[in-house]
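Q: pasted the sequence and its predicted model underneath.
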Amino acid sequence: MMQKININDQGFWLLTKGSNIHLINHQLPKGNAEDFAVQGKSGMIIGYIENQPLWLVEELDDERAYFSLRDQLYLPEELFYLLCRGVELNHFFNTHQFCGKCGSKMQIAEDEWAVQCRNESCHYRTYPVICPSIIVAVRRDDHILLANHVRHKGGIYTTIAGFVEVGETFEQAVAREVFEETGIKVKNIRYVGSQPWAFPNSQMVGFLADYESGEICLQEEEIHDAKWFAYNQPLPELPPKGTIALKLIEQTLELCKQSAGSIR
Ligand SMILES: NC(=O)C1=CN([C@@H]2O[C@H](COP(=O)(O)OP(=O)(O)OC[C@H]3O[C@@H](n4cnc5c(N)ncnc54)[C@H](O)[C@@H]3O)[C@@H](O)[C@H]2O)C=CC1
Ligand SMILES: [Mg+2]
Ligand SMILES: [Zn+2]
């Protein structure tokens, strides 16, 4: 619930600007509201760290130092995901100021994470928008399929990812995205795990899959390059530690190794 922050409220303080968060010496500010001049602002408790409340403070037009949440992937998983929650809620509140049904002003709900229409005869509620996006590592014997995406400025090679379309299963989305982006057909699609991804509001749903058929054919608007990499040859630059992409790649490389072992 959003409330006015009191001078003696205490805990950890999450101040966000888009996908950037305020840090002091690489740490979340911790202490009394007064220490960080957030008393009188609106805030809500969105979780607990070391038994201390984590306060999400309304986005401020201030001169504090903000840093990209992407650069905090080294943090313990649970903490990183709590920060994702804050960034995603802030994005949601900022982009849902008016009712999608009647156009009246929305307000933040009292009893759950939602916004509610102020119009008495409407009261329509909207919940935080989370966009499911599949992500998949594809294996062909002892090789892994990795792609250099147009959105990556550097030379990183990673897994295939893409948003789930309305009216399709996650597994269908996996098969469709791999085929669209690389021309490869996959089989044996299995779920591995998920990851909140606050850029701005994706929910990564991670899979492994095996090669079925086809030759690499790039979707050039999205993919610069895609190749099969042997697990025991030098690999390209991979995504950073903490990403589900890297986890899927590591698991697949292990399977490549096992597959090479079983051939011999
Ligand atoms: N955490 C991780 O390890 C990784 C996360 N990702 C994330 O996966 C997500 C999807 O990857 P892409 O290849 O970009 O998706 P994509 O292959 O579906 O292409 C992006 C395009 O999909 C359309 N689209 C459909 N629904 C959308 C939605 N809800 N939000 C934004 N665009 C939507 C837009 O036209 C957009 O240009 C991205 O947010 C990316 O940051 C990607 C790789 C690794
Ligand atoms: Mg994609
Ligand atoms: Zn309304």
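A: Okay, I see it. Ligands and ions are numbered 1, 2, ... in the order given.
Q: switch to C-alpha atoms for all contacts and neighbour counts from now on
A: Noted.
Q: shouldn't residue 246 be within a helix?
A: Yes - counting by DSSP: H, G, I helix; E, B strand; the rest coil, residue 246 is part of a helix.
Q: heads up, I number from 16, so please use that
A: With the count now opening at 16, the last piece we talked about shows up as residue 261.
Q: the closest residue to it other than its chain neighbours: neighbour count?
A: Counting by C-alpha to C-alpha, 6 or more residues apart in numbering, residue 261 lies nearest to residue 254, which is 5.8 Å off, once chain neighbours are set aside. Residue 254 is flanked by 16 other residues according to other C-alpha atoms under 10 Å.
Q: which strand or helix spans residue 254?
A: Using DSSP states H and E, residue 254 falls within no helix or strand.
Q: so the residue nearest the centre of the chain bridges to which residues?
A: Centroid check for the chain by C-alpha atoms, centre = their mean gives residue 212 as the closest residue, at 0.6 Å. Taking DSSP bridges as the rule, residue 212 bridges to residue 217.
Q: name all residues that make contact with it.
A: 99, 218, 219 (C-alpha atoms under 8 Å, 6 or more residues apart in numbering).
Q: hang on, the last one in a strand?
A: Yes - assigned with three-state DSSP, residue 219 falls within a strand.
Q: and for it, the neighbour number?
A: Neighbour count for residue 219, taken as other C-alpha under 10 Å: 25.
Q: okay, the residue nearest to the centre of the chain: pLDDT?
A: We have a pLDDT of 97 for residue 212.
Q: for the closest residue to ligand 1 within the chain, give me its contacts.
A: Residue nearest to ligand 1 within the chain (C-alpha to the nearest ligand atom): residue 177, separated by 3.3 Å. Applying C-alpha under 8 Å, 6+ apart to residue 177 gives the contacts 148, 149, 150, 188, 192.
Q: am I right that it sits in a strand?
A: Yes - assessed by three-state DSSP, residue 177 belongs to a strand.
Q: what bridges to it?
A: In beta-bridge terms (that is, DSSP bridges), residue 177 pairs with residue 149.
Q: any figure for the gap between it and residue 95?
A: According to C-alpha to C-alpha, to the nearest Å, residue 177 and residue 95 sit 22 Å apart.
Q: ok, now residue 128?
A: Distance from residue 128 to residue 95, by C-alpha to C-alpha: 19 Å.
Q: so which helix or strand takes in residue 94?
A: Counting by DSSP H and E, residue 94 is found in helix 92-110.
Q: repeat that for residue 75.
A: Counting by DSSP H and E, residue 75 is part of no helix or strand.
Q: having no further points to raise, I will conclude here.
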